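Engineer: need a structure here:
(one chain, ligands or ions: 1)
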Amino acid sequence: MLDGAACSRCGDALDALGVSGISSLCRACRLAPPPFGRAVAYGLYEGRMRDAIHAFKYSRLHPAARELGKMLAAAMAQLAGEAPAEMLVVPVPLHRSKHAQRGFNQARSLAQEALRELRGTHPQWRLTLASSTLMRLRATESQAGLTPRQRRLNVRGAFSVSDPGAVTLKHILLVDDILTTGATARAAAGTLIRAGAASVWVATLARARRASAASPVHFHTQQDEEIDNRPEASAAPEMESFASPEGPRPF
Ligand SMILES: [Zn+2]
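Structural biologist: Numbering: from 1, shown residues only. Predicted structure coming up:
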């Protein structure tokens, strides 16, 4: 599980305000609260976790699905008691071109395994898989090399809800393998809320996190097209319209 000072909303590293105990939110969540209630993850996207996710996604190593599914279940279980007792579990969809290329949606496979696990550990929690609820309209480009504004635009309008009636007043648990900048989770959650969802929560296997809010970010992303390199700045990519020049802050 993750430890250290993390944002109570999105799990990202806290800045100085957070570390000093003044705020439990990271700067991005203070400036623009995300459209989801809380995002949880099992661990950081590094080391063996990164290797396991890569093996699963790119080698279709299905024996790993069971173990990774249990880890996703453990992440989801962090929300038990806080999130609603009845939810639709919505895997972040792939665009059909990527689905055809990869052959499967890893988020859906992981969600299936996690639900199987949670039926045993949390039998009261009424979680229903809803794989076709959210659609990816565009094959979003790799975020690597994009400016913050380009990143936000890259995922804007990327999602659509197939049947808004199916999500109206429903509580949604959005699941994916990796949470990087949160831009995708914000876009998907925003789409679901606009379609009438009552609330959206997010659970992922792993999140890429800044080692320190104060230090530049270096992600080693290799061929993983889902993962993007953050700019070497502390503002989240979707935040640029709020981001002030680095310097004295009003706190
Ligand atoms: Zn946050």
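
Engineer: so where is the chain shaky, pLDDT-wise?
Structural biologist: Flagging of the chain using pLDDT under 70 yields the residue ranges 1-4, 141-144, 147-148, 210-251.

Engineer: hey, C-alpha coordinates of stretch 35-47 in PDB?
Structural biologist: Extracted as PDB, the C-alpha positions of stretch 35-47 are listed here (Å, rounded to 0.1, in the frame of the first residue of the first chain):
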ATOM      1  CA  PRO A  35     -15.000  15.300 -10.500                       C
ATOM      2  CA  PHE A  36     -14.400  12.100  -8.600                       C
ATOM      3  CA  GLY A  37     -14.800  11.600  -4.900                       C
ATOM      4  CA  ARG A  38     -11.500   9.900  -4.200                       C
ATOM      5  CA  ALA A  39      -8.900   8.000  -6.200                       C
ATOM      6  CA  VAL A  40      -7.200   5.000  -4.600                       C
ATOM      7  CA  ALA A  41      -4.300   2.800  -5.800                       C
ATOM      8  CA  TYR A  42      -2.700  -0.300  -4.600                       C
ATOM      9  CA  GLY A  43       0.900   0.800  -5.100                       C
ATOM     10  CA  LEU A  44       3.300   3.000  -7.000                       C
ATOM     11  CA  TYR A  45       4.000   2.400 -10.700                       C
ATOM     12  CA  GLU A  46       7.500   1.200 -10.300                       C
ATOM     13  CA  GLY A  47       9.700  -1.800  -9.900                       C
END
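
Engineer: so which bits of the protein are right by the ion?
Structural biologist: By C-beta under 5 Å from the ion, the residues of the chain that approach the ion are 7, 9, 10, 12, 26, 29. For every residue, glycine as well, the C-beta is placed using N, CA and C.

Engineer: how close does the fourth one sit to residue 110?
Structural biologist: Residue 12 is 22 Å from residue 110, where distance means C-beta to C-beta, to the nearest Å.

Engineer: which one of those two is surrounded by more residues?
Structural biologist: Remark: of residue 12 and residue 110, residue 110 carries more neighbours, 27 against 24, as counted by other C-beta atoms under 10 Å.

Engineer: how is that one assigned, secondary-structure-wise?
Structural biologist: helix (DSSP: H, G, I helix; E, B strand; the rest coil).

Engineer: helix or strand: which one has residue 33?
Structural biologist: Per DSSP states H and E, residue 33 falls between elements, in no helix or strand.

Engineer: with just CA atoms, put the helix or strand in which residue 153 is found into PDB.
Structural biologist: Following DSSP H and E, one finds residue 153 within helix 148-155. Extracted in PDB, the C-alpha atoms of helix 148-155 (Å, rounded to 0.1, in the frame of the first residue of the first chain):
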ATOM      1  CA  PRO A 148      -0.100  20.900 -20.200                       C
ATOM      2  CA  ARG A 149      -2.700  22.500 -22.400                       C
ATOM      3  CA  GLN A 150      -2.200  19.900 -25.100                       C
ATOM      4  CA  ARG A 151      -2.600  17.200 -22.600                       C
ATOM      5  CA  ARG A 152      -5.800  18.500 -21.300                       C
ATOM      6  CA  LEU A 153      -7.100  18.900 -24.900                       C
ATOM      7  CA  ASN A 154      -5.900  15.400 -25.700                       C
ATOM      8  CA  VAL A 155      -8.400  13.800 -23.400                       C
END
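
Engineer: count of neighbours near the closest residue to residue 128 other than its chain neighbours?
Structural biologist: Nearest residue to residue 128, sequence neighbours excluded (C-beta to C-beta, 6 or more residues apart in numbering): residue 88, at 5.5 Å. Using other C-beta under 10 Å, residue 88 has 21 other residues around it.
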